[in-house]
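1. the following comprises the amino acid sequence and a computationally predicted model.
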Amino acid sequence: MEGRGSAVNTPATSRPVTRRSKSYGRSCVEAPSYFWQTPGHLTVLKIPTSREAAKSQIITNKVDPEHIALLVKNEWKLSYVTPLYRFRHTELKSYSKHLSAFIIAERQQGVAVEVGLEAGFKVTFTSVLGLAETSEDAETVFIQIQSKPVFAAAADAPKVVWRGWLTCVNGDPEYLRALPPDFVSLPLFCTSGPESLTTLVKSWFERAFDCNFGSLALNSTTLNWLAALWTGCHPTCNIRYLKLAWSLPSQPPLDVSYTVNPQDAWELWNSIHPEESTDGRIDIKEVQSFMNGLETHFFRHFKIYLSAGKLVKVSTALGSAQLDGKIKIGNSDYITTLLTMLTECALLKMLT
Amino acid sequence: MSLLTPYSKVPELNTATVLLVENEEELQSKLADAIVQCEKEFNVNVRLARKLPLPVENKKTRPRIDLIVFIINLLSERSLQSAESSLSHLHSDCFLGKVCFLVTDARCGSHTQERMVSVRKLAASHQCPVLCAEHRTADGVNAAAVRILNILKVSAGMSPIATTALYLSSLTRCSVTSDLEDD
């Protein structure tokens, strides 16, 4: 949707725009709440204006530390998925076999002699228990594709070439309850690995479970929330730095990297949202004034209006998030907050 | 603080004046050219500004302004902030049909959707219409110019049927759905 150059005079009778997903006759530009028409129900998803403060959770109590280690290492590219039809957590082994057969078949298509570097693929589906927060969330599923390079010795362990996971953390309970019974909703899909394998996995899922994938780009509001939430965690967990990257639309485009000392950032955040406030919720206005404070400080020194540009990346020691939909999880303690926010983004993006 | 008032000067014969306020100054000049070149029955003066308040030096020579258009580029937060701060320099009489918001780049990605919502809330609270324009093609600029001319015609009192600016504004003002109001 990047600047298509078409202009039309509005017709004399305007008809409501029909959208691909089943939203209730509203154009996406209009409302911050999205209607999802499920049989018999009309559920509304609102963009929240206030959120819970980030709570540290020693997640290793609930989740296997090995699984956590898998999630924390890489940089993940985000996509959203529509609900999966007849996806059963009990049949993961058969899914692994089907997917590996599918990948091998696709790879061999059209190639007379197998010249590829990877000979065989082994796919593992694992269920990561414990990440789901509410009773309506489905359990996270982790997918790994391993392969042995052709010229490796027989005793070499296969290398993991691709990883991905589907998750739903704190999804909107009304929406999840309104889904028809055979559907499982795991709206957030994170991948790490070659794009060719990602497309193969996606097409297998689309065929097997009748779902749709789409790329999830993060919003600048989401990045603002993450910056504020992560800064708020500073007293309990040293974030070590708050780095913001902006891109300004000048000729040539100017990239600004703004690193803030964590203690200073925390003092600014504390002055806006005092730590002792009994209400654990953070309002969007506080987030906006936090970002405003950072921007005015920058302006005072460099006379550049950061608000004229785009916030492209936010990173702290707890993780980093980029505008084009890539995240990295640094610390497993705050993983729930990050995943909650991303699940919400995925659900909202899916419905527009 | 000198406020821009709509009725403090005498209108000129068969002339309407529109003021385009834009912080980035990219669409202003193209739109001004397009407006001036459109087919119309009356003369149009187009004045450009980056923000309000307007410079005091020109106050005597400035004609009566019939329509003030705030051009907001949704890709930049600064654009919206500058338009909001300019709004405080308008006399409240202006909001009875003499102010209009023109929004560009409304289709570019998801960041603009939330800004669009804030522009709509702003416009709804001031009872003003919001127009969306495509500024990268000549057709888009012409289309926007035609729409502005239609509104200008009514604001300047040139419409043959007795439509006043106040009446038009109550028909075209941006409406906010009840979910937005609940937020």
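-> Received, thanks.

2. buried ones in the strand or helix carrying A:Val287?
-> Take DSSP states H and E as the rule and A:Val287 turns out to sit in helix A:284-302. Buried residues in helix A:284-302, defined by neighbour count with 16 or more other Cβ atoms under 10 Å in any protein chain shown: A:Ile284, A:Glu286, A:Val287, A:Ser289, A:Phe290, A:Met291, A:Leu294, A:Glu295, A:Phe298. C-beta here means a position set from N, CA and C on the backbone, and glycine is covered the same way.

3. ok, the nearest residue to the fourth one once chain neighbours are set aside to A:Ser220 distance?
-> Counting by Cβ to Cβ, 6 or more residues apart in numbering or on different chains, the nearest residue to A:Ser289 once its immediate chain neighbours are dropped is A:Ile272, at 5.4 Å. With distances defined as Cβ to Cβ, to the nearest Å, the gap from A:Ile272 to A:Ser220 amounts to 19 Å.

4. what packs against the helix holding A:Val287?
-> helix A:220-232, strand A:254-260, helix A:262-272 (3 or more Cβ pairs under 8 Å, 6 or more residues apart in numbering or on different chains; DSSP states H and E).

5. spit out the contact partners of the residue in the stretch 101-250 of chain A positioned nearest to chain B.
-> Taking Cβ to the nearest Cβ as the measure, the stretch 101-250 of chain A has A:Ser220 as its residue closest to chain B, at 4.9 Å. By Cβ atoms under 8 Å, 6 or more residues apart in numbering or on different chains, the contact set of A:Ser220 is A:Lys310, A:Leu311, A:Leu323, B:Glu77, B:His111.

6. most surrounded residue in these?
-> With neighbours defined as other Cβ atoms under 10 Å in any protein chain shown, the most crowded of the contacts of A:Ser220 is A:Leu311; it has 27 neighbours.

7. is the residue positioned nearest the centre of chain B in a helix, a strand, or coil?
-> In chain B, the centroid-proximal residue (Cα atoms, centre = their mean) is B:Val69; its distance is 1.6 Å. Look at B:Val69: counting by DSSP: H, G, I helix; E, B strand; the rest coil, its state is strand.

8. measure B:Ile3 to B:Leu31 for me?
-> To be clear, residue B:3 is Leu; Ile isn't right here. Distance, B:Leu3 to B:Leu31, using Cβ to Cβ: 25 Å.

9. who's more crowded, these two?
-> More neighbours surround B:Leu31 than the other of B:Leu3 and B:Leu31, with 26 against 14 (other Cβ under 10 Å).

10. now the more buried one, what's its secondary structure?
-> Secondary structure for B:Leu31, judged by three-state DSSP, is helix.

11. now do the domain split for chain A, please.
-> A:59-215, A:220-323 (automatic domain parsing).

12. just for the chain, where's the confidence low?
-> No chain in the question, so chain A it is. Scanning chain A for pLDDT under 70 picks out A:1-62, A:110-119, A:149-156, A:275-280, A:352.

13. my question was about chain B, not that one.
-> For chain B, the ranges with pLDDT under 70 are B:1-2, B:109-110, B:162, B:176-183.

14. let's go with 80 and repeat that
-> Low-confidence segments of chain B, defined by pLDDT under 80: B:1-6, B:56, B:58-60, B:108-114, B:159-183.

15. for the nearest residue in space to B:Ser159 that is not next to it in sequence, grab phi and psi.
-> Nearest non-adjacent residue to B:Ser159, counting by Cβ to Cβ, 6+ apart: B:Lys153, 5.3 Å away. Here is the backbone geometry of B:Lys153 (degrees, to the nearest 10): phi -60, psi -40.

16. please apply the same query to A:Thr134.
-> Dihedral angles (degrees, to the nearest 10) for A:Thr134: phi -100, psi 170.

17. wouldn't it be in contact with A:Asn170 here?
-> Yes. Here A:Thr134 reaches A:Asn170: they are 6.1 Å apart, a contact under Cβ atoms under 8 Å.

18. what are the ranges of the strands in chain B?
-> Under the criterion DSSP state E, chain B contains strands at B:15-22, B:43-49, B:67-73, B:99-104, B:130-133.

19. for chain B, what lies in contact range of chain A?
-> Selection of chain B residues close to chain A by Cβ under 8 Å from any Cβ of the partner chain yields B:24, B:75-79, B:81, B:105-111, B:113-114, B:116-117, B:120, B:132-134, B:136-137, B:139-143, B:146, B:177, B:179-180, B:183.

20. just the CA coordinates for stretch A:178-186, please, in PDB.
-> Taking Å, rounded to 0.1, in the frame of the first residue of the first chain, the C-alpha atoms of stretch A:178-186 are listed here in PDB:
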ATOM      1  CA  ALA A 178     -16.000 -16.300  19.400                       C
ATOM      2  CA  LEU A 179     -14.100 -18.500  17.000                       C
ATOM      3  CA  PRO A 180     -15.900 -21.500  15.700                       C
ATOM      4  CA  PRO A 181     -15.000 -24.700  17.500                       C
ATOM      5  CA  ASP A 182     -12.500 -26.300  15.000                       C
ATOM      6  CA  PHE A 183     -10.300 -23.300  14.700                       C
ATOM      7  CA  VAL A 184      -7.100 -22.700  16.700                       C
ATOM      8  CA  SER A 185      -5.800 -19.200  16.800                       C
ATOM      9  CA  LEU A 186      -2.100 -18.700  16.900                       C
END
